[in-house]
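Engineer: Sequence first, then the predicted structure, then my questions.
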Amino acid sequence: MTEILRCEVAIVGGGMTGLALAAALGVDGVDTVVVDRMPADLPPSSNADPRVTAVALGSVRFLESIGAFAAMRATAAPILDIRVAEAHSPFAVHYDHRDVGDEPLGYIVENANIRDSLIARCRELPAVRLLMPQAYVDVARDPRGATVSLADGRQLRAKLLVAADGKFSRLRERFGIRTRSWAYGQTGIVATLGHELPHDGLAYETFFPDGPFAVLPMRGDRSSIVWALEDELAGAVLALPAEAFEAEVQDRIGDRLGRLSLASPVKSFPMVLKWAERFTVERAALVGDAARGIHPIAGQGWNLALRDAAALAEIVAGAHRLGLDVGSAKALARYERWRRFDALALVAITDGINRLFANDVTALRLARNLGFALVDQVPPLKQLFMRHAMGVMGDLPRRMRPAEARMRA
């Protein structure tokens, strides 16, 4: 006889977004199960994974509210200033956190630390169960719920099934949700650098003719680079020996951080835009990259994903408190309406920025420089851009608002 596990919400995908959603639901007592083929406890990866995430202030508030950020803070580096410029141009925009308050603009956190912190938080919550490692072999939906058939022969029955399995989501395909895709013909290169001089909490992004180059401050005298290049050029850079790669990076950064050295392996990933035509179907929802994967040019990917998680958790928890069906058509329609405009806007913004700076036509270059000068010299406009980047504007979920605002809500 088949063993059936029951829960209110089943999440397929135990990455950073799925775990954050599970913790948010668990804090509100929603019976939640996470399914992922990767084990919860991965081998130590202090230098093996160079990926980091820019966590905006709104996302920090969310993570604090679910009890997950304290563990991340131990290795997080605050972003105190951001400088955005075009290479070889005298114009730039300087965002200083003191222009909008006392708090940092956000933090740079290593992905491995984010995952470990969320795993630990989920384990503290009685309402959350982690089936990791555990693969699924089939899913089915009906008007009353969803069934996930697990590789070990058991079945998981839930009122709501959530796809949090990434940009190339298999579950999204099983739901029959179509996507629109665009390959940028670019490869992202990431690595951690050690350097002689302190970074002083400064993050900066420079737009070179061959692609954007970002330097993100990490704890100690370390920084992370995110370097976007056309595929062919990226292949040549990735083939360089370590010393030659360091020399290329040094040429881009200059001497502002002193002498540079690699402190991690160099990794790469293809840059592809994916946009799901729907974020929900009967008894199921998409969150994070499963809903849409954006260009990393503005460092907003996971912040957008956390707004999905926070919004869906708020809707589900509200239904749970009232004894209502957490996966009802009404609940899912509210989630679709709430998240679609924000997601579409950020897709358009990041895609537009990439296309704008990929074109080196003289008239566009002059227009970009004029734009930098205008934003930098008009404080209200600069503050508007800063607040958007900090994730503290718009129709925010309750857990992303300041603590005093959450108490009033």
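Structural biologist: Here it is on my side, so go on.
Engineer: residue ranges with poor pLDDT in the stretch 251-400 of the chain?
Structural biologist: 298, 354-364 (pLDDT under 70).
Engineer: for it, what spans make up the helices?
Structural biologist: Taking DSSP state H, counting those that start in this stretch as the criterion, the stretch 251-400 of the chain contains helices spanning 301-321, 329-358, 362-377, 379-389.
Engineer: Of these, which stretch is the most buried?
Structural biologist: Mean neighbour count (mean count of other Cβ atoms under 10 Å) peaks for helix 301-321 among the helices of the stretch 251-400 of the chain, with a mean of 24. Glycine gets a C-beta too; all of them are placed from N, C-alpha and C.
Engineer: circling back: residue 241: which of the helices of the stretch 251-400 of the chain is closest?
Structural biologist: With Cβ to Cβ as the measure, helix 329-358 is the member of the helices of the stretch 251-400 of the chain nearest residue 241 (28.6 Å).
Engineer: What's the local residue count around residue 109?
Structural biologist: Using other Cβ atoms under 10 Å, residue 109 has 27 other residues around it.
Engineer: Thought residue 68 was touching it, still the case?
Structural biologist: No - distance between residue 109 and residue 68: 10.9 Å, which falls outside the contact criterion (Cβ atoms under 8 Å).
Engineer: Now do the contacts for residue 62.
Structural biologist: 20, 24, 306, 309-310, 397, 399-400 (Cβ atoms under 8 Å, 6 or more residues apart in numbering).
Engineer: brain fart, residue 157
Structural biologist: If you count contacts by Cβ under 8 Å, 6+ apart, residue 157 has them with 4-7, 145-148.
Engineer: So residue 111 versus residue 54, what's the distance?
Structural biologist: 11 Å (Cβ to Cβ, to the nearest Å).
Engineer: same check, this time on residue 234
Structural biologist: Counting by Cβ to Cβ - residue 234 and residue 54 are separated by 21 Å.
Engineer: Compare these two and say which is more crowded by neighbours.
Structural biologist: Neighbours around residue 234 and residue 54, counted as other Cβ under 10 Å, are more numerous at residue 54. The numbers are 25 against 22.
Engineer: Spatially nearest residue to that one (excluding sequence neighbours)?
Structural biologist: Closest residue to residue 54 apart from its sequence neighbours, by Cβ to Cβ, 6 or more residues apart in numbering: residue 299 at 3.9 Å.
Engineer: burial measure for that neighbour, as a count.
Structural biologist: Neighbours of residue 299 (other Cβ under 10 Å): 23.
Engineer: And it, how far from residue 97?
Structural biologist: From residue 299 to residue 97 the distance is 15 Å (Cβ to Cβ).
Engineer: Now do the contacts for the closest residue to residue 204 other than its chain neighbours.
Structural biologist: Closest residue to residue 204 apart from its sequence neighbours, by Cβ to Cβ, 6+ apart: residue 83 at 4.0 Å. Residue 83 sits next to 92-95, 202-205 when contact means Cβ under 8 Å, 6+ apart.
Engineer: now residue 390
Structural biologist: 56-58, 100, 105-106.
Engineer: repeat that for 6 Å
Structural biologist: Contact partners of residue 390, counting by Cβ atoms under 6 Å, 6 or more residues apart in numbering, are 56-57, 105.
Engineer: Can you give the domain ranges for the chain?
Structural biologist: Using automatic domain parsing, the domains assigned to the chain come out as 4-77+105-181+275-408, 184-271.
Engineer: end-to-end on the shortest one?
Structural biologist: Terminal residues of domain 184-271 are spaced 6 Å apart (Cα to Cα, to the nearest Å).
Engineer: The stretch 51-200 of the chain: strands as residue ranges?
Structural biologist: 52-56, 77-79, 81-86, 92-96, 106-110, 128-131, 136-142, 145-150, 155-163, 179-195 (DSSP state E, counting those that start in this stretch).
Engineer: okay, these in a markdown table with mean pLDDT next?
Structural biologist: Conversion of these to a markdown table gives the following (pLDDT from 0 to 100):
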| stretch | mean pLDDT |
| --- | --- |
| strand 52-56 | 95 |
| strand 77-79 | 97 |
| strand 81-86 | 90 |
| strand 92-96 | 88 |
| strand 106-110 | 96 |
| strand 128-131 | 99 |
| strand 136-142 | 97 |
| strand 145-150 | 98 |
| strand 155-163 | 99 |
| strand 179-195 | 93 |
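Engineer: Run a quick check on residue 338 versus residue 312, I expect a contact.
Structural biologist: No - using Cβ atoms under 6 Å, residue 338 is not in contact with residue 312; the gap is 8.8 Å.
Engineer: ok, back up a step: how far away is the residue nearest to residue 204 from residue 216?
Structural biologist: 12 Å.
Engineer: what bits of the stretch 1-150 of the chain have low per-residue confidence?
Structural biologist: For the stretch 1-150 of the chain, the ranges with pLDDT under 70 are 44-48.
Engineer: mind running it again at 80?
Structural biologist: By pLDDT under 80, the low-scoring segments of the stretch 1-150 of the chain are 43-49.
Engineer: In it, mark out all the helices, start to finish.
Structural biologist: Using DSSP H, counting those that start in this stretch, helices in the stretch 1-150 of the chain cover 16-27, 57-65, 69-73, 111-124.
Engineer: Identify the residues contacting the longest one?
Structural biologist: This points to helix 111-124. 16, 19-20, 22-23, 40, 45, 49, 51, 53, 67-68, 71-72, 75, 128, 130.
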